[in-house]
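Q: Structure for the following, please:
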Amino acid sequence: MTQKRKKTHRLEIVPEECKGCGRCVKACPKDLIKMSVELNEMGFPYAICAGQDCIGCGACFYNCPEPGTITVIEQVESDEEK
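A: Purely as a prediction, here's the structure:
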């Protein structure tokens, strides 16, 4: 019998690295990324993940000009873990 694995994705965004350009916001096909009303240490509004339905496409990651700011994490849950 084959185990079924459910894949989900989540975003990690480092606020201190974000320059507030908004490229990730425009790139997200699910509209999950928003700009915070708060400012980071450099005085920029920063991107935040405002949803749970990330599909793991990586559009935000590839559009971000700041290396290490956005990480897309794949989570795998097998039937046995439920």
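Q: Centre-most residue in this protein?
A: residue 11 (2.8 Å; CA atoms, centre = their mean).
Q: how about the nearest residue to that residue, chain neighbours excluded?
A: Closest residue to residue 11 apart from its sequence neighbours, by CB to CB, 6 or more residues apart in numbering: residue 49 at 4.3 Å. In this view, the C-beta of every residue, glycine as well, is placed from N, C-alpha and C.
Q: Kindly report the same for residue 31.
A: Nearest non-adjacent residue to residue 31 (CB to CB, 6+ apart): residue 51, at 7.4 Å.
Q: mind checking how far that neighbour is from residue 4?
A: For residue 51, the distance to residue 4 (CB to CB, to the nearest Å) stands at 25 Å.
Q: The two: which has the busier surroundings?
A: For residue 51 versus residue 4, neighbours defined as other CB atoms under 10 Å are more numerous around residue 51 (12 against 9).
Q: helix/strand/coil for that one?
A: What DSSP: H, G, I helix; E, B strand; the rest coil gives for residue 51 is coil.
Q: can you pull out the helices in this structure?
A: Applying DSSP state H to the chain gives helices spanning 23-27, 59-63.
Q: Residue 45 is nearest to which of these?
A: Among the helices of the chain, the nearest to residue 45 by CB to CB is helix 23-27 (10.5 Å).
Q: For that closest one, C-alpha coordinates in PDB please.
A: This file holds the C-alpha atoms of helix 23-27, laid out as PDB (Å, rounded to 0.1, in the frame of the first residue of the first chain):
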ATOM      1  CA  ARG A  23       8.000  43.100  -6.000                       C
ATOM      2  CA  CYS A  24       7.000  40.000  -4.000                       C
ATOM      3  CA  VAL A  25       3.500  41.400  -3.400                       C
ATOM      4  CA  LYS A  26       2.900  41.900  -7.100                       C
ATOM      5  CA  ALA A  27       4.400  38.400  -8.000                       C
END
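Q: where along the chain do the strands fall?
A: If you assign secondary structure with DSSP state E, the strands in the chain sit at 5-13, 33-39, 45-49, 70-78.
Q: most tightly surrounded among the ones you listed?
A: strand 45-49 (a mean of 20; mean count of other CB atoms under 10 Å).
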